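A.B. asks: No sequence on hand, only this structure:
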């Protein structure tokens, strides 16, 4: 096979504060020859996730991306060539590839390469049936354990994970209240996603709204943002409440390794016999197949919708990740790669 | 009955920072006549507990003690006169009475008056079989859920609750490491209480010691202190760890309602799929009888020892509560009242 040209974005610098386009460097190279056990994947679409901020900065649950290496991303692609058992040319696969036209991988690692059943919509595979939807699924059901009739609050509610978390809580019979930024997102939550109410943190007093909407306290809080909103929720917990720590996007761009605004009133957990629990989606990796099946069924039944914010073209990857941290995205942030040269 | 003289300590001021003797005011009065449904109790001994700092300052899970009222305390006493069904002269009772020779009460409220079985050592009833021991029991077993072979760390380990928590974890087959201040306390933990190791936070680097003593991480942390030690533990959690929030004595004397030093790295709960859970002992009130029976059995078998720091005389109550917050006490802080005039 003739050597393929490969366009890439490399990590140029560890971000200081907000991610900047200059944290990345454009590179053009060629695809190396495959070794035994490897596959060559043509990447079709990239996922953008808050956790990438951590990968850029420091060792977390996986090592930091080395400076000068391809920016890491959850990616879906199609196999162009395979020297790996069980994987064939034409298979759709997803895994932790990166911001490049082609990836060569042996398919091992924390998020091992998985085959996507043929016929699956690649964008659905990377959103509702990918890390984002699975994160909402396990965070809501396995950590939050909502019961019918309970009050479920989610922040970052119009985001990819938050909106799915809220819709799953609706399936389970909860009263669901979303916190999001701006009228458009809040209207969407109530009118399209089926939430019982939405709080616009850019234009409302969140504490007052929570007190009004949750007169008996908050039973489950699915936290995507941390910071002051977490504190407001902790002040309004119901007895035996569960706070699901999924992320803290308001805090990612702060100092590394510590949070600029940890919950000063975490002590409220004591008074309410409540818990705050963290998780990573890969802790539940063995349950992915049944989770995907249930999410796909709820999606087909119209109970859990998949809202995608689709950008185009590898060259726009840096601008697209910035959309995620400024809240410009509306739904799951994806980027579709054009045909490589 | 002739009017009895009653000596009391009233709350004179909400504490600013460390509790001072001037936060209390000595008062001498007489005992009022009993109404129907009330009992008159001669108080025998007072319990001193970190939670009293909260009661002095602000409304928490119970209303703050009003300024000018008797200082509230967990107390054991003997009934002198009863106009309440089911309670008779001579009965030993415990409840939330106060710093005074005599208490008149209808026996209702958050910690309702309970009869203590005759023959029970009053000091044992107020320590291992009282709120202190019950707090250790439910915090360890119902919240921490330690399993045999796990690593259990407790701070404030030589304190009344911490030492019992650690000894209960030993009964359950854990490796138990206590954090306490000073060689005397640490020696006691290892030599008398049966802990596997102790860390002297006044003379050792706690983080280094935890790393050395917990090479596989910490499975259960029973937190009595909050602050920096909580952060050091959060940095060393095992997968699916449980952090039991019992108290935060290092923080009680700080600003009200918020913690001066919340855990800046609470985010570590996410990476380890771990949880931080609070509780109050009265959430488990219906299980007190079986808990007391089990604690009494373990005590009789020598598995869970009862270490009491006994002070004498009502006049010394303010000095005694200060012992608790300076760490001068060694074991459960009690004060025995002398015979009233």
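C.D. replies: Now that the structure is in, tell me what you want to look at. As the structure is a prediction and not an experimental result, all values here were calculated from the model.

A.B. asks: low-confidence ranges in the stretch 51-200 of chain A?
C.D. replies: A:110 (pLDDT under 70).

A.B. asks: Name the nearest residue to the residue in it positioned nearest to chain B, sequence neighbours excluded.
C.D. replies: When scored by CB to the nearest CB, the stretch 51-200 of chain A has residue A:61 as its residue closest to chain B, at 4.8 Å. Every residue, glycine included, has its C-beta placed from N, CA and C. Counting by CB to CB, 6 or more residues apart in numbering or on different chains, the nearest residue to residue A:61 once its immediate chain neighbours are dropped is residue B:271, at 4.8 Å.

A.B. asks: Quick one: residues contacting that neighbour.
C.D. replies: Listed by CB atoms under 8 Å, 6 or more residues apart in numbering or on different chains, the contact set of residue B:271 reads A:60, A:61, A:278, A:280.

A.B. asks: Residue B:174 versus that one, what's the distance?
C.D. replies: Distance of residue B:271 to residue B:174, computed by CB to CB, to the nearest Å: 23 Å.

A.B. asks: Return the residues of the stretch 1-150 of chain A in contact with chain B.
C.D. replies: The stretch 1-150 of chain A comes close to chain B at residues A:60, A:61, as judged by CB under 8 Å from any CB of the partner chain.

A.B. asks: quick one, helices of chain A?
C.D. replies: For chain A, the helices defined by DSSP state H cover A:51-57, A:122-126, A:131-138, A:160-171, A:183-191, A:206-213, A:227-234, A:268-271, A:288-300, A:317-326.

A.B. asks: most packed of those helices?
C.D. replies: helix A:160-171 (a mean of 28; mean count of other CB atoms under 10 Å in any protein chain shown).

A.B. asks: Please list the residues outside that helix that contact it.
C.D. replies: Contacts of helix A:160-171 (CB under 8 Å, 6+ apart): A:127-128, A:132-133, A:135-137, A:139-141, A:144, A:146, A:152, A:154-157, A:176, A:178, A:180, A:189, A:193-195, A:220, A:222, A:224, A:244, A:246-247, A:295, A:298, A:303-307, A:331-333.

A.B. asks: Pretty sure residue A:180 sits against residue A:186.
C.D. replies: Yes. Applying CB atoms under 8 Å as the test, residue A:180 and residue A:186 come out as touching, 5.5 Å apart.

A.B. asks: Could you chop chain A up by domain?
C.D. replies: Annotated domains of chain A cover A:5-127+A:306-336, A:131-282 [automatic domain parsing].

A.B. asks: what's the span of the shortest one, first residue to last?
C.D. replies: For domain A:131-282, the first and last residues are 9 Å from each other (CA to CA, to the nearest Å).

A.B. asks: With the longest one instead?
C.D. replies: Its start and end residues considered, domain A:5-127+A:306-336 measures 18 Å (CA to CA).

A.B. asks: List the residues that contact residue A:176.
C.D. replies: Contacts of residue A:176 (CB under 8 Å, 6+ apart): A:152, A:153, A:154, A:166, A:167, A:169, A:170, A:194, A:195, A:196.

A.B. asks: Within the sheet, what are the partner strands of the longest strand along chain A, with directions?
C.D. replies: The longest strand of chain A (DSSP state E) is strand A:72-82. According to DSSP bridges, strand A:72-82 forms sheet pairs with strand A:39-47 (antiparallel), strand A:92-98 (antiparallel).

A.B. asks: Give me the average confidence score over the first one.
C.D. replies: Per-residue pLDDT values over strand A:39-47 give a mean of 97.

A.B. asks: Taking helix A:131-138 as reference, get the angle to it.
C.D. replies: Calculated by axes from the mean of the first three to the mean of the last three CA atoms, to 10 degrees, strand A:39-47 forms an angle of 70 degrees with helix A:131-138.

A.B. asks: how about strand A:39-47: buried residues?
C.D. replies: Buried residues in strand A:39-47, counted by 16 or more other CB atoms under 10 Å in any protein chain shown: A:39, A:40, A:41, A:42, A:43, A:44, A:45, A:46, A:47.

A.B. asks: Might you report the residue contacts of the third one?
C.D. replies: Put plainly, it is residue A:41. Contact analysis of residue A:41 by CB under 8 Å, 6+ apart lists A:75, A:77, A:78, A:79, A:80, A:93, A:97, A:102, A:103, A:104, A:105.

A.B. asks: Tell me the residues of the stretch 151-300 of chain A that contact chain B?
C.D. replies: Counting by CB under 8 Å from any CB, the residues of the stretch 151-300 of chain A that sit close to chain B are A:226, A:239, A:245-248, A:251, A:257-259, A:262-280, A:283.

A.B. asks: ok, residue A:314 touching residue A:26?
C.D. replies: No. Using CB under 8 Å as the test, residue A:314 is too far from residue A:26 to be in contact (9.3 Å).

A.B. asks: If you count surrounding residues, which of those two has more?
C.D. replies: Of the pair residue A:314 and residue A:26, residue A:314 is the one with more neighbours under other CB atoms under 10 Å in any protein chain shown, namely 20 against 14.

A.B. asks: In contact with that one, which residues?
C.D. replies: Residue A:314 neighbours (CB under 8 Å, 6+ apart): A:7, A:9, A:99, A:100, A:101, A:335, A:337, A:338.

A.B. asks: Write a PyMOL command that selects only the buried members of those residues.
C.D. replies: Buried residues within those, by 16+ other CB under 10 Å, are selected in PyMOL with:
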select buried, chain A and resi 7+9+99+100+101+335+337
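
A.B. asks: and the two most separated of the contacts of residue A:314?
C.D. replies: A:9 and A:338 (14.5 Å; CB to CB).

A.B. asks: So what's the residue count around the closest residue to chain B within the stretch 101-250 of chain A?
C.D. replies: Nearest to chain B, among the residues of the stretch 101-250 of chain A, is residue A:245, at 5.2 Å (CB to the nearest CB). Residue A:245 is flanked by 25 other residues according to other CB under 10 Å.

A.B. asks: Contacts only, for the nearest residue to it once chain neighbours are set aside.
C.D. replies: In this structure, residue A:245 finds its nearest non-sequential neighbour in residue A:278, 4.1 Å apart by CB to CB, 6+ apart. By CB under 8 Å, 6+ apart, residue A:278 lies in contact with A:245, B:267, B:268, B:269, B:270, B:271, B:272, B:273, B:274, B:275.

A.B. asks: could I get the residues you listed as TSV with distance to residue A:208 and pLDDT?
C.D. replies: As requested, the contacts of residue A:278 are exported to TSV (distance: CB to CB, whole Å; pLDDT from 0 to 100):
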residue	distance to residue A:208	pLDDT
A:245	24	95
B:267	28	87
B:268	32	89
B:269	29	93
B:270	29	91
B:271	34	88
B:272	35	93
B:273	34	94
B:274	33	97
B:275	29	97
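
A.B. asks: how about the residues you listed in CSV, adding distance to residue B:202?
C.D. replies: Putting the contacts of residue A:278 into CSV (distance: CB to CB, whole Å) gives the following:
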residue, distance to residue B:202
A:245, 33
B:267, 29
B:268, 25
B:269, 28
B:270, 32
B:271, 30
B:272, 28
B:273, 33
B:274, 28
B:275, 30
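
A.B. asks: now, which of the residues you listed sits nearest residue B:290?
C.D. replies: For the contacts of residue A:278, the closest approach to residue B:290 (CB to CB) belongs to residue B:275, at 25.3 Å.

A.B. asks: Can you tell me how far the closest residue to that closest one other than its chain neighbours is from residue A:243?
C.D. replies: Once flanking residues are discounted, residue B:275 sits nearest to residue A:277: 3.7 Å by CB to CB, 6+ apart. Taken as CB to CB, the spacing of residue A:277 relative to residue A:243 amounts to 7 Å.

A.B. asks: Comparing the two, which residue is more hemmed in?
C.D. replies: More neighbours surround residue A:243 than the other of residue A:277 and residue A:243, with 29 against 22 (other CB under 10 Å).

A.B. asks: give the contact list for the residue nearest to residue B:275.
C.D. replies: Going by CB under 8 Å, 6+ apart, the list of residues near residue A:277 reads A:143, A:242, A:243, A:244, A:245, B:269, B:273, B:274, B:275, B:276, B:277.

A.B. asks: Please tabulate the residues you listed in a markdown table, including the columns distance to residue A:323.
C.D. replies: Putting the contacts of residue A:277 into a markdown table (distance: CB to CB, whole Å) gives the following:
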| residue | distance to residue A:323 |
| --- | --- |
| A:143 | 28 |
| A:242 | 31 |
| A:243 | 27 |
| A:244 | 25 |
| A:245 | 24 |
| B:269 | 28 |
| B:273 | 29 |
| B:274 | 32 |
| B:275 | 33 |
| B:276 | 33 |
| B:277 | 36 |
